[in-house]
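Trainee: Structure of the sequence below:
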Amino acid sequence: MKWTNRDQAVWEEIENYIQSIRSNDFKDTYIQWVDQAISFIPKHLSDIFFEKLDSWLFHLHSFIQASQIQEDARIRILTSARVFDESIQTIADMRKLSIDQLSFIADQHSARHRLYALAQGGMTGTGKSILLSTDFLVLMMLNLRSVQITAISYGYDVKTPLELMISLKVFHAATLPKRLRREAWEGIVIDLQEDPYFYQGPENLLSYQWLEEPFKQILKTYFITMFKSKPSIIPIAIGAGLNYQFSRKVTDFADKFYKYRHLLDKG
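Mentor: I've put the predicted structure just below:
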């Protein structure tokens, strides 16, 4: 199918975004330092640890997919799509819509998830033990779900094995430090080019670079507990602000990636 002028404009926006997440010499040096530090950990121990993390992520994905709230979201997305085209019956039919129509639907849900993250971070900032202990898990669930919803909004059904793996890899890439996101993006694109129907890439997802985000969350929890003994709006602002920024980073990356994929498939 031939691209429209609007498709070309969106493609150029995405190319600019990809350029903005590239690494630089200083960050490459930093990565080498981290690699050297990690090399001192016995490989069999690190392999076991990341296998457990991967398993946890797969189970989290399955839990979200099996939830009624996710099924309700699928129905709402299809209902929104029928406003533009009454013939749409399945998730794959979503690809009949224009890039702006798909973006409109995806943006509605992304904005909602960013607000959820803002509210959740604010509640964590109150310093209640149950909220502090579950903050990271809830934040991961919210943002894994936001990636799944973005995929569905662009016509990719994450209930299929291929789309399941792609959505998990997009989530992983989106939660990496900025200096590593471009390489992760390119890795997903290569996997899709090798076989656009069956995933044949590596099934391991998480790596030690991903641990930077949990470490930031630990620091956030530490700063919040510093203010726990006295009434203050500062920890609420910290919790809300950091969770919102994290969610915005994830939703922006996922939206750009699925726009890119939609245009690739269309072209």
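Trainee: okay, and for the stretch 151-267 of the chain, where does confidence drop off?
Mentor: 195-204, 208 (pLDDT under 70).
Trainee: rerun that using 50 as the cut-off
Mentor: Of all residues in the stretch 151-267 of the chain, none has pLDDT under 50.
Trainee: Where do the helices of it begin and end?
Mentor: Ranges of helices within the stretch 151-267 of the chain are 161-174, 178-194, 212-226, 234-266, based on DSSP state H, counting those that start in this stretch.
Trainee: Report the outermost residue of this protein with respect to its centre.
Mentor: residue 230 (34.8 Å; C-alpha atoms, centre = their mean).
Trainee: Quick one: neighbours of residue 92, just the number.
Mentor: 12 (other C-beta atoms under 10 Å). C-betas here are computed from N, CA, C, even on glycine.
Trainee: actually residue 108, sorry about that
Mentor: 14.
Trainee: Quick check: it vs residue 114, distance?
Mentor: Distance from residue 108 to residue 114, counting by C-beta to C-beta, to the nearest Å: 11 Å.
Trainee: swap in residue 239?
Mentor: 14 Å.
Trainee: between those two, who's got more neighbours?
Mentor: residue 239 (27 against 22).
Trainee: which residues touch the closest residue to that one other than its chain neighbours?
Mentor: Take residue 239 and drop its neighbours on the chain: the residue closest to it by C-beta to C-beta, 6 or more residues apart in numbering is residue 125, 3.1 Å away. Neighbouring residues of residue 125 by C-beta atoms under 8 Å, 6 or more residues apart in numbering: 224, 235-240.
Trainee: Could you identify which of the residues you listed has the most neighbours?
Mentor: Neighbour max across these (other C-beta under 10 Å) = residue 239, 27 neighbours.
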